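Novice: Test case, fold it:
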Amino acid sequence: MHQSGNASIRGLSVVSNKVVWASGSNGTIFRTTNGGLSFQVIRPNGYEKRDFRDVEAFDSLTAIVMAIDTPAVILKTMDGGQSWKKVFEDNRPGMFLDAMDFNGSSGVVVGDPIDGKMFRAYTFDQGESWTIDEDAPQLNAGEAFFASSGSNVKLMSSSARTYKKMKAGDKGFFVSGGMRSRVFLGNQSYNIPLQQGKNSTGANGFAIEPKSKYGFICGGDFTDPKRSDSTMVLFQIKKKKVDFSFPATMPSGYKSAVAFVNDYVWLSCGTSGVDISTDNGKNWKKISDTPFHVCNAIYESGKVWLAGPKGGIATVIINR
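Specialist: All right, here's what the predicted structure looks like:
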């Protein structure tokens, strides 16, 4: 495991087997172009005290990082982190960005509610400019989004060039947490049967298999990481509706991220450790007590990247 400094890493973007970007606290960004043999540590000037909770990379040179609040800022580099430009800033009270996702040049960022409504903004030019969605849905009291792993939102389609032309189902798949935990798909929302009812409970992240038909949502209670009931749920998308079911054996506790690896293999991580399923999520088994915040994999590569506390970045190789 690579370990550098005291940054808590929650952003992770795996571009290829060689190129990986990660981001975290203390204004820290990590970049490797040789599959993790060495990492470049980057701290954008003027942002050394910021918390970069998510990063989305396009290649070895181009990436976007998100600083959560005070003010909420999004930065972009096109030269491998040598220079950065600010492409988004919001100084409003209560602004707190949680996660981003890109599909081609189109992207979305989601944040905690402003005036009771989900905050989300879209870009259609690889993050150069952002448009705030004034028609975002209302959230319940105590319902918000977690900035735990940058994996609670996915842009389902990049076919539209402008937000107004996007079909409802293309606008994104979002999972909320807190006092209430829901899936938002297009213009519909669905209650998630995970732990909820506290500010620390609910969905933290999810992953979808390549055909976007089903996946897993993970979460629990981050203040009670050993509690293992209702920490993982299978979701299936059927005609733009979402159905849920539970695994036969739950993961070992609170989980903040889950990754689809290959065939029937899934991996999940959190402060409770790392769990694996080799039967398409029906049963989960702990394989490590080491805490990680986020995991990511390239389909069929067999290599899973994990990142977490104290600048820790690790890989797991899954043999087929």
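Novice: Residues in contact with stretch 89-103: which ones?
Specialist: 53-54, 56, 58, 64, 66-69, 71-74, 107-114, 119, 126-127, 144-147, 149-158, 172 (CB atoms under 8 Å, 6 or more residues apart in numbering). Every residue, glycine included, has its C-beta placed from N, CA and C.
Novice: May I see the ChimeraX selection of the buried members of those residues?
Specialist: In ChimeraX syntax, the buried subset of those is picked out as below (16 or more other CB atoms under 10 Å):
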select :53,54,56,58,64,66,67,68,69,72,73,74,107,108,109,110,111,112,113,114,119,126,127,144,145,146,147,149,150,151,152,153,154,155,156,172
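Novice: Filter the contacts of stretch 89-103 down to the ones in strands?
Specialist: 53-54, 56, 64, 66-67, 72-74, 107-114, 119, 144, 153-154 (DSSP state E).
Novice: For stretch 240-260, measure first residue to last.
Specialist: Using CA to CA, to the nearest Å, the end-to-end distance of stretch 240-260 comes out at 21 Å.
Novice: Give me the pLDDT for the residue at minimal distance from the centre of the chain.
Specialist: Geometric centre of the chain, nearest residue: residue 151, 1.6 Å, by CA atoms, centre = their mean. On the pLDDT scale, residue 151 is placed at 97.
Novice: Would you mind measuring from it to residue 39?
Specialist: According to CB to CB, to the nearest Å, residue 151 stands 21 Å off from residue 39.
Novice: Residue 15 now?
Specialist: From residue 15 to residue 39 the distance is 14 Å (CB to CB).
Novice: Equivalent analysis for residue 250, please.
Specialist: Here residue 250 is placed at a distance of 34 Å from residue 39 (CB to CB).
Novice: which residues in the stretch 101-250 of the chain form helices?
Specialist: Read by DSSP state H, counting those that start in this stretch, the stretch 101-250 of the chain holds no helices at all.
Novice: Show me where it dips below the pLDDT cut-off.
Specialist: For the stretch 101-250 of the chain, residues meeting the criterion pLDDT under 70 lie at 157-170.
Novice: Now do the strands in it.
Specialist: Here the stretch 101-250 of the chain has its strands, by DSSP state E, counting those that start in this stretch, at 106-114, 117-123, 131-132, 143-144, 153-154, 173-175, 177-178, 182-185, 188-191, 201-208, 214-221, 232-238, 241-245.
Novice: from the ones you listed, which stretch is densest packed?
Specialist: Comparing these by mean neighbour count (mean count of other CB atoms under 10 Å), strand 177-178 ranks first with a mean of 28.
Novice: If anything else comes up later, I'll come back, but that's it for now.
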